[in-house]
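1. Below: sequence and its predicted model.
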Amino acid sequence: RVIMRAALTNTSSTIASTRAKHHRRPSRARRASSSSSTASSSADANPVLICPGLGNQSSDYDELVEILRARGHAVVVANVARIDWARNAAGVVKPSYWQGTLEPRPTVDWYLERCKSAVRELRETYGAQGKVSMLAHSAGGWLARVYIDTYDEEGDIGRLVSLGSPMKPVPRDVPGVIDQTRGILTYVDEKLRTVKEL
């Protein structure tokens, strides 16, 4: 999490400094008065769904949300709290967990439902039109692939951008190497469309 925050801070600082060179930051009063125009322009801009990484919570991405909204995007972070990740422990009771052949569903359905709710929020609250871009951090990248291929019945997602996401499983039969996903990432790699095919 510390590394992720540092990476986001560096990325955010770079974007913010670039923006500052070309634009003067509006005063608080001006920002407040322009909030309605920002909301209306967000409906036309490319809507963005941020998918948190393993162990992260929605508020970890507040600075990134602010930057993207300032650029006119409707942005929603999937509603995830740190404690929610304990839900993945449900897979422990399955023999496939111990065999390293665990499949993503239903173990991560809770996360997929949060993504679905976020897409609804983009549509209903922000009036966002068009395809949604998923901006996924770390494990959120392969979780987004599961969402796109198995949960997005309406075809709402048009693009996946991943930040530091593992897309290949760890090597098998290597001493000392443990697949922390207990087979889920292998399933994603072998059964779902590749990143290039999305």
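-> Yep, it's here.
2. just the strands in the chain please.
-> For the chain, the strands defined by DSSP state E occupy 48-51, 75-77, 132-137, 157-163.
3. Next, format those as CSV and append mean neighbour count, mean pLDDT and distance to Ser59.
-> Quick note: C-beta positions are derived from backbone N, CA and C, even for glycine. Compiled in CSV, the strands of the chain are given as follows (neighbours: other CB atoms under 10 Å; pLDDT from 0 to 100; distance: least, CB to CB, whole Å):
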stretch, mean neighbour count, mean pLDDT, distance to Ser59
strand 48-51, 27, 98, 11
strand 75-77, 24, 98, 8
strand 132-137, 24, 97, 13
strand 157-163, 17, 95, 17
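4. Any idea which of those strands gets closest to Ile67?
-> strand 75-77 (9.1 Å; CB to CB).
5. thought Leu112 was touching Ala144?
-> No: distance between Leu112 and Ala144: 9.4 Å, which falls outside the contact criterion (CB atoms under 8 Å).
6. neighbour-wise, which of the two wins?
-> Ala144 (28 against 20; other CB atoms under 10 Å).
7. residues in contact with that one?
-> 51, 115, 134, 136, 157, 160, 162 (CB atoms under 8 Å, 6 or more residues apart in numbering).
8. May I have the beta-bridge partners of the residue positioned nearest the centre of the chain?
-> The centroid of the chain falls nearest to Cys51 when counting by CA atoms, centre = their mean (1.4 Å). Counting by DSSP bridges, Cys51 is bridged to Ala136.
9. If I look at Asn88, what pLDDT would I see?
-> Per-residue confidence (pLDDT) for Asn88: 88.
10. Any idea how many residues pack against it?
-> 19.
11. OK, contacts around the nearest residue to it once chain neighbours are set aside?
-> With CB to CB, 6 or more residues apart in numbering as the criterion, Asn88 has its nearest non-adjacent residue at 6.0 Å, and that residue is Thr107. By CB under 8 Å, 6+ apart, Thr107 lies in contact with 88, 90-91, 184.
12. If anything else comes up later, I'll come back, but that's it for now.
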